Each structure stands twice: as C-alpha cells, then as structure tokens.
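> Below: sequence and its predicted model.
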Amino acid sequence: MVGVDGGRWLCEPIRPDVADLWRLDEVRYEGKTPYQRVLIARTRLGVTLFCDDNPQSAECGQLAFHEAELVPAMLLAERVRRVLVIGCGEGTVCQIAAEAGAEHVDHVDIDPDCVWACARHLPYGYDEDQVRAAERGEGPIRLHYADGGQFVLDALRSGTRYDVVVLDLPEEQDGSETGHNALYGTQFLACCRDLLTPGGVVATHVSRPYLSLPTADSVGSFVRPWRRFAEVFGTRVYFRSDEQPWGTIMLGRADTVADPVRRMIDRLPALRYRPATIDAPMLTSATHLPAVLRGG
C-alpha cells in the first residue's frame, strides 16, 4: 500500500516499468490465505476483488466480464448440459451457466477462504447460503476446493466429460514461476480439450488489452496463447468485449467449424440465458482479430 494525499492506495505492478494505482475508499476485507492475499475494497469501479494485488473483478462491469467468459463459449458449443469452471471464486460464471440450463456445473477453486470472503463481502456472485448449497452439491452447482490441474487429470481418468470448460484464472505472468501459469500452457489446454464432449468448447481469459497493446508485450499476452490454441484446437475464436476492458477471451473447439462467428450469432436468439452485454452486432465486432493476430 502507498499513501497519496492521505488516502489509502493499492499499487498493482503491471510490468517492470508500469504500475496501476487504485484508491481504496473502503476496505471490506483483507487477509492472507494459504494461497494468496485477498483484498475486497470499494474503488471507483464499486466493490472490487484483488488477489495478490491483481484486480479480479469489480462491481461496475463484472457482469460484462463474466458474460464474456461464458456466453460466447455456450454459443459455439453443441450443447450446454455439463460445465466445468476453474477459478471464478465469486461464482458468477457458475450462476450464469445454471441460468442457461446447465444440468451439472462443477466449480473448482483451490482457495475456500477466498470463496467465502467473496460470498460475504461482494454484492455479486454467490451469497453465503449459495456457497453452502454448492458445497453440499444441492442443485446444479457443485463446489470443489481443489487444484484445477489435478481436477482435470482426475476427470480424464474417470471418463467425466464436459460441454464447456471455462478457465477463469489470474493473468499469465510472463517470466514468472507462479503455479497458475501451467494452466495456460499447451499441455494443459490439450487435457481440457480431451475433457470435452463432441462439439465442446474451452474458454480462457488471457489479458487486459489496454495494458499490452500496442506494445511489444502483445507478443506475450496475445500471440503466444493464440498460437497455443492453433496447436491444440481445430477451431479458435478471439473475443474481446467492448463492454469490459479486461474481457479478452480465447475459445477453442476440437473440430473444425467453417464459420464459428456466424454459428454464434445464429444461436444467440435461442440461448436460454439472456445476456445483458452481448448481442449480434457485438459478436461481430468483438471477434474481429487485432492486427497483431491477423499476421498468423
């Protein structure tokens, strides 16, 4: 924390030469779990969740972010009966999946303390009763406190399969040995692909574009995962929300779909969940590749 004009601020390192400063108008919760530092505070974006000083979601715009993570994947997938969500301690993606008609949603998060802090102090996502119900497996959402990578391996061995897999993780840290980096790698993406039912889709959040374009960091934050998706999937789709600056998602489907964006647009009217931030024109604009990816 740093003090500016008597206020309390959080310094978020972006790159060795760049940092964001967040004014904390009201701290609702702060604590250190066995896995990370968790801070929930009111900022100019409303109540905001930080993990290890990195913003994960904020009251203003969180729905657009979470819809970007799941809605395009549901539109690209053949069906949405079984969904796996890794991360998203707030629970919002799981709630959207259930509202969209998913019969079974496995929610995997390694940090129960963070999940409970979110339920108690965030005005969105799970409340405390919903966490208890998900822990008991009452209803479509089943909450598992486990390592996401190990959960995927165990599911592969058991023959469990999913129509949609969403990876809602902290951003990949280039040059760092942080544990979640492995969940962005080609090997793990291939495991997620093998976990899919025919026509299933994997979606992962990759970066905050305004922090990496048009700098040289684009190679790390966009090109690298785009190339990984080309190695693993027959169809890949780039999606950048124009409603949420953090909402940049990459989608992968094992087979080849001739016109994936047209498929997504055509399926939107029949989607049981009515997204507040995604419509047909937005699907067209949000899936337009930036120049750094059009080069191959």
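Looks like it came in fine.

> Please, which helix or strand holds the spatially closest residue to residue 200 that is not a sequence neighbour?
Distance criterion CB to CB, 6 or more residues apart in numbering; nearest residue to residue 200, sequence neighbours excluded, is residue 163 at 5.0 Å. Using the backbone N, CA and C atoms, a C-beta is placed for each residue, glycine as well. Element membership for residue 163, per DSSP states H and E: strand 162-168.

> hmm, back to that, starting from residue 253, give me the distance back to the residue nearest to residue 200.
In this view, residue 163 and residue 253 are 11 Å apart by CB to CB, to the nearest Å.

> Is there a neighbour count for the residue nearest to residue 200? I'd like the number.
24 (other CB atoms under 10 Å).

> quick one: the most centrally placed residue in the chain from residue 25, how far?
Among the residues of the chain, residue 168 comes closest to the average C-alpha position under CA atoms, centre = their mean, at 2.7 Å. Computed with CB to CB, the distance linking residue 168 and residue 25 is 26 Å.

> Would you state the strands of the stretch 1-150 of the chain in chain order?
2-4, 7-15, 18-23, 26-32, 37-43, 46-51, 54-58, 82-87, 104-109, 141-145 (DSSP state E, counting those that start in this stretch).

> just these: most buried one?
Comparing the strands of the stretch 1-150 of the chain by mean neighbour count (mean count of other CB atoms under 10 Å), strand 82-87 ranks first with a mean of 26.

> Paired strands for that strand, with orientation please.
If you go by DSSP bridges, strand 82-87 pairs up with strand 104-109 (parallel), strand 162-168 (parallel).

> so can I have CSV of those showing distance to residue 239 and mean pLDDT?
Shown next, in CSV, are these (distance: least, CB to CB, whole Å; pLDDT from 0 to 100):
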stretch, distance to residue 239, mean pLDDT
strand 104-109, 21, 98
strand 162-168, 12, 96
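
> and residue 120, how many neighbours does it have?
14.

> Sorry, slip of the keys, the one I care about is residue 16.
7.

> how much space between it and residue 244?
26 Å.

> same thing with residue 108?
As judged by CB to CB, residue 108 and residue 244 stand 23 Å apart.

> likewise residue 221?
Distance, residue 221 to residue 244, using CB to CB: 16 Å.

> isn't residue 65 right up against residue 246?
Yes - counting by CB atoms under 8 Å, residue 246 is a contact partner of residue 65 at 5.5 Å.

> Who has more neighbours out of the two?
The residue with more neighbours, out of residue 65 and residue 246, is residue 65; 24 against 21, by other CB under 10 Å.

> follow-up on the earlier one: let me see the contact set for the residue nearest to residue 200.
Residues counted as contacts of residue 163 (CB atoms under 8 Å, 6 or more residues apart in numbering) are 77-83, 102, 196-197, 199-201.

> and if we set it to 10 Å?
Shown in contact with residue 163 (CB atoms under 10 Å, 6 or more residues apart in numbering): 73-74, 77-84, 97, 102-104, 196-201.
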